[in-house]
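Student: Here is a sequence with its predicted model. Questions after.
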Amino acid sequence: MANMKSFMKRKNIEISAKRYGIDALGAMAQGLFCTLLIGTILNTLGTQFHIGLLTMTFGAAELTIGGFASAMTGPAMAAAIGYALGAPALVLFSLIPVGYATNMLGGAGGPLAVLVVAIIAAEFGKAVSKETKIDILVTPIVTILIGVGLAAIIAAPIGAAASSVGRLIMWATDLQPFLMGILVSVIVGMALTLPISSAAICAALGLTGLAGGAAVAGCCAQMVGFAVMSFKENGVGGLVSQGIGTSMLQMPNIVRNPRIWIAPTLASAITGPIATCVFQMTMNGAAVSSGMGTCGLVGQIGVYTGWLADIEAGTKAAITGFDWLGLALICFILPAVLSYVFCEIERKMGWISEDDLKLQ
């Protein structure tokens with residue numbers, strides 16, 4: 001047992017919730033962002049602004065620049081996970097075909113399958129790395145065989161299970177938009193602020209439709225809420241870094257005083273059902289956008305691309321002023337106003353003190 005612990009420590013193999021549930025999951029979201037999300041954004045920009053470079057297709061693949069980026073989602077996620085796990089170069093590069101195979105075999109739930117398979121393949125690859133004189137052969141072969149072999153067995157079932165959970169959440173939201181609007185908005189919003197990835201969770205579950213709209217609302221409430229609440233302490237820099245960056249920056253302050261989390265969470269509990277019941281705001285773009293909030297305005301771009309997709313599919317006639325009003329209220333105006341009001345109440349009650357929201 002002691003020898004095994006020593007070996008795992010030497011190989012930097014740490015079986016823990018933090019390593020797999022925070023580090024790997026967060027890195028996977030970055031891989032998603034740099035491929036699927038960026039690809040979607042580039043395609044949308046090219047189509048809407050008639051940018052020739054972004055709409056032209058290349059070679060026999062007949063893909064746009066954004067299309068090529070999106071096609072690399074699986075490899076990017078796997079490589080990002082390997083990087084987060086401290087994988088050596090040969091393991092890291094070998095995870096590229098593993099990610100491609102797993103994402104393809106996992107279908108709509110591919111991201112969750114990639115998370116599981118890439119972690120296992122990376123750890124096995126790390127275990128054999130530099131243990132033989134023919135490392136350049138052994139490490140890639142072991143990593144790829146275990147990764148792709150495992151993907152062939154479990155990627156489809158994992159993907160199907162993730163998709164089923166996502167469909168259940170979306171079905172429940174369609175059936176009970178008020179209650180589920182609150183639950184989805186609060187839970188996904190809190191996940192965005194926690195050191196886990198709300199974007200990866202939404203992508204893994206394929207969360208779109210009304211449930212996706214509620215998720216967007218919750219994420220925006222956290223980001224815009226904290227940005228406005230802490231303007232007194234952090235100024236314009238804090239407004240930008242939290243409002244279009246991440247509310248995760250407030251996590252150390254939340255640990256010190258959990259009450260600062262009440263205001264944006266209450267705001268998300270209000271904006272979520274408004275999104276689902278009043279404006280019927282759907283997020284039918286890339287599922288990962290549901291968990292991005294106002295980060296780089298990705299959530300809003302996702303809603304917009306979803307509108308375009310619905311119009312093209314014939315399920316939506318046109319983008320209306322009511323749609324734009326709902327997007328502005330749910331993503332920016334209401335989170336700012338509600339969070340500020342709740343925060344001021346807490347300040348008067350003595351629950352939030354000076355500098356409790358100051359970023360370090």
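Tutor: Happy to help now that I have it.

Student: who touches Met28 in this structure?
Tutor: 77, 80-81, 111, 114-115, 118, 197, 200 (CB atoms under 8 Å, 6 or more residues apart in numbering). Quick note: C-beta positions are derived from backbone N, CA and C, even for glycine.

Student: again with Ile51
Tutor: Leu45.

Student: could you redo the last one with a cut-off of 10 Å?
Tutor: 42, 45, 65 (CB atoms under 10 Å, 6 or more residues apart in numbering).

Student: With respect to Arg167, which of the residues you listed is nearest?
Tutor: Leu42 (28.7 Å; CB to CB).

Student: Do you know the pLDDT at the closest one?
Tutor: Leu42 carries a pLDDT score of 87 in this model.

Student: What residues does it make contact with?
Tutor: Contacts of Leu42 (CB under 10 Å, 6+ apart): 51, 53-55, 64-70.

Student: do Glu14 as well
Tutor: 8, 20, 23, 85-86, 123.

Student: now swap in Ile22 and tell me
Tutor: 16, 84, 194-197.

Student: can you do 8 Å?
Tutor: Here Ile22 is in contact with 195-196 (CB under 8 Å, 6+ apart).

Student: Columns neighbour count and distance to Met170 on top of the contacts of Glu14, output as a markdown table?
Tutor: Listed next are the contacts of Glu14 as a markdown table, based on neighbours: other CB atoms under 10 Å; distance: CB to CB, whole Å:
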| residue | neighbour count | distance to Met170 |
| --- | --- | --- |
| Met8 | 15 | 40 |
| Tyr20 | 18 | 26 |
| Asp23 | 19 | 29 |
| Leu85 | 24 | 32 |
| Gly86 | 16 | 36 |
| Glu123 | 23 | 33 |
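
Student: Farthest-apart pair in those, please.
Tutor: Met8 and Asp23 (16.2 Å).

Student: can you tell me which of the contacts of Ile51 are in helices?
Tutor: 42, 45, 65 (DSSP state H).

Student: Next, count neighbours for Phe178.
Tutor: 13 (other CB atoms under 10 Å).

Student: The one 5 residues further on now?
Tutor: Using other CB under 10 Å, the number of residues around Leu183 comes to 20.

Student: about what we covered before: secondary structure and distance to Ser339 for the contacts of Leu42 - can I get that in CSV?
Tutor: Shown next, in CSV, are those (DSSP: H, G, I helix; E, B strand; the rest coil; distance: CB to CB, whole Å):
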residue, secondary structure, distance to Ser339
Ile51, coil, 37
Leu53, helix, 40
Leu54, helix, 36
Thr55, helix, 39
Thr64, coil, 39
Ile65, helix, 38
Gly66, helix, 34
Gly67, helix, 38
Phe68, helix, 40
Ala69, helix, 34
Ser70, helix, 34
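
Student: what about the protein, any weak spots by pLDDT?
Tutor: Applying pLDDT under 70 to the chain picks out no residues at all.

Student: For it, give the helix that spans the most residues.
Tutor: Assigned via DSSP H, the chain shows its longest helix as helix 135-175.

Student: Confirm Ala87 sits in a helix?
Tutor: No - counting by DSSP: H, G, I helix; E, B strand; the rest coil, Ala87 is not found in a helix; it is coil.

Student: Now do the phi/psi pair for the spatially closest residue to it that is not a sequence neighbour.
Tutor: Nearest non-adjacent residue to Ala87, counting by CB to CB, 6 or more residues apart in numbering: Ala122, 4.9 Å away. Ala122 adopts backbone torsions of phi -60, psi -40, taken as degrees, to the nearest 10.

Student: how about Ala122, what does it touch?
Tutor: Listed by CB under 8 Å, 6+ apart, the contact set of Ala122 reads 81-82, 85, 87, 91, 95, 143.

Student: List just the nearest of those to Met223.
Tutor: Once CB to CB is applied, the member of those that ends up nearest Met223 is Ile81, at 24.9 Å.

Student: Quick check: the closest one vs Arg19, distance?
Tutor: 11 Å (CB to CB, to the nearest Å).
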